[in-house]
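> next one to model:
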Amino acid sequence: MHYKIGTRGSKLALVQAEFVRDCLQEHYPQDCFELKIIKTKGDKIQNKALSAIGDKGLFVKEIEQELLSGEIHLAVHSMKDMPGELPDGLCFAKAWKREDPRDVLVLREAKSLQELPKHAVIGTGSKRRKYQLLKLRPDLKVVGIRGNIDTRLRKLYDGEIIYEEVADNIVNNNEIANEKQNKYSEYRLDGIVLAAAGIKRIGRDSEITQYFSEDDMIPAPAQGTLALELRADNAKLMAKLDALSDEKTNLCAGIEREFLKRIGGNCHLPVAAYCDIVSEKDRGNDSNKNNRLKLLAMFGSEDGKQLARTEQVWDITSDRNDIVERAVHDIRYKLENN
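Numbering: from 1, shown residues only. Below you'll find the model as predicted:
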């Protein structure tokens, strides 16, 4: 069988798609797997924040159209970039083993977050990262930045000027209120925040200055996990993909995705979720009890003025729906009573 695998054309997207292709070719040598690069709306618009031009579907709509039409058989994405709901007729295969789920800091000169000078400028395109970073260092100036990983690193190292509309900075930059005469403010980056999985996959992890713990900066739901999307009626390909899945990743990423769906998260809102299997010793208890599921989650308003987080620890045999429902209830209660 000849299978076509759809992917975006960025360096990271190609590395991920090539990894999937090579794994499939190794395990199913009787079949042929070919990549097809598909350009999406999100790839074409690089001068606006994602929240200003649409939702996460910006990077998948054109690819999903080719899946539905039969032009391609499989699409490879970063799961953290996928919308909570898929179009009718499409589904995900079970998740393969996850890469590092953490976020990382890449700095131009400083050696750590703590060493950054007051009012240092950090770039990120994620409100989730922005508001959690400001919890750690409220004095920082966090600006929006677009582009693939190589582009963002180049902007950092070259000292490229970042322009940001004054009206968009009221939340985390009180000084902007005094600059009403200027439509834009200019900044040069002192650092950027990226996903560990992405920078590792393209082989530039030696440039990482600092890793954030999952507690200090809760990752995006299913961060570090590949999304293998295909038509729901393609049972033969589904079986091939599922045979290479990882049980722990599939469980934990599935819980995180369910939280995203139930809380109503999108790229306009700061939403985070990270699930892991922990032992009682990991939690500081000298016990031989069974491993447990731990879910860290965060959600808040678009402007970041309201943020709430929760930590849920349940027996590993618990119903995943109960875990997610409790997390959603706890966060909504905190937001309503803040």
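> C-alpha from now on. contacts and neighbour counts both.
Fine.
> which residue is nearest the centroid of this protein?
By Cα atoms, centre = their mean, the mean C-alpha position of the chain lies nearest to Lys80, the distance being 3.7 Å.
> and what about it, helix, strand or coil?
helix (DSSP: H, G, I helix; E, B strand; the rest coil).
> check contacts around it.
220-225 (Cα atoms under 8 Å, 6 or more residues apart in numbering).
> again with His2
If you count contacts by Cα under 8 Å, 6+ apart, His2 has them with 31-34.
> pLDDT value on Asn178, please?
The confidence metric pLDDT takes the value 46 at Asn178.
> also Gln210?
Looking at Gln210, the pLDDT reads 98.
> check which helix or strand covers the nearest residue to it once chain neighbours are set aside.
Using Cα to Cα, 6 or more residues apart in numbering and skipping the chain neighbours, the partner closest in space to Gln210 is Leu105 (5.1 Å). Assessed by DSSP states H and E, Leu105 sits inside strand 103-107.
> cross the contacts of Lys80 against strands and list the overlap.
Nothing among the contacts of Lys80 maps onto strands, per DSSP state E.
> which of the residues you listed are buried?
Buried members of the contacts of Lys80, counted by 16 or more other Cα atoms under 10 Å: 220-225.
> just the residues you listed: which are in helices?
Among these, no residue falls in helices (DSSP state H).
> looking at the residues you listed, which one is closest to Glu71?
Minimum distance to Glu71 across the buried ones among the contacts of Lys80 is 24.6 Å, recorded for Thr225 (Cα to Cα).
> count of residues packed around the nearest residue in space to that closest one that is not next to it in sequence?
Closest residue to Thr225 apart from its sequence neighbours, by Cα to Cα, 6+ apart: Arg98 at 4.8 Å. Neighbour count for Arg98, taken as other Cα atoms under 10 Å: 19.
> assumed Arg98 was part of a strand.
No. Applying three-state DSSP, one finds Arg98 to be coil, outside a strand.
> tell me the buried residues in stretch 324-336?
Neighbour-count burial for stretch 324-336 [16+ other Cα under 10 Å]: 324, 326-328, 330-332, 335.
> with stretch 60-71 instead?
Residues of stretch 60-71 classed as buried: 60-64, 66-68, 71 (neighbour count, 16+ other Cα under 10 Å).
> and what of stretch 230-250?
Neighbour counts over stretch 230-250 (16+ other Cα under 10 Å) mark 230-231, 237-238, 241, 244-245, 248-250 as buried.
> low-confidence ranges in this structure?
The chain contains residues with pLDDT under 70 at 42-58, 166-182, 280-290.
> so where do the helices sit in the protein?
Using DSSP H, helices in the chain cover 11-27, 41-44, 50-53, 61-69, 127-136, 149-157, 196-201, 235-242, 247-263, 320-336.
> reformat those as TSV; add distance to His119.
Compiled in TSV, those are given as follows (distance: least, Cα to Cα, whole Å):
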stretch	distance to His119
helix 11-27	31
helix 41-44	31
helix 50-53	24
helix 61-69	38
helix 127-136	11
helix 149-157	16
helix 196-201	25
helix 235-242	47
helix 247-263	32
helix 320-336	29
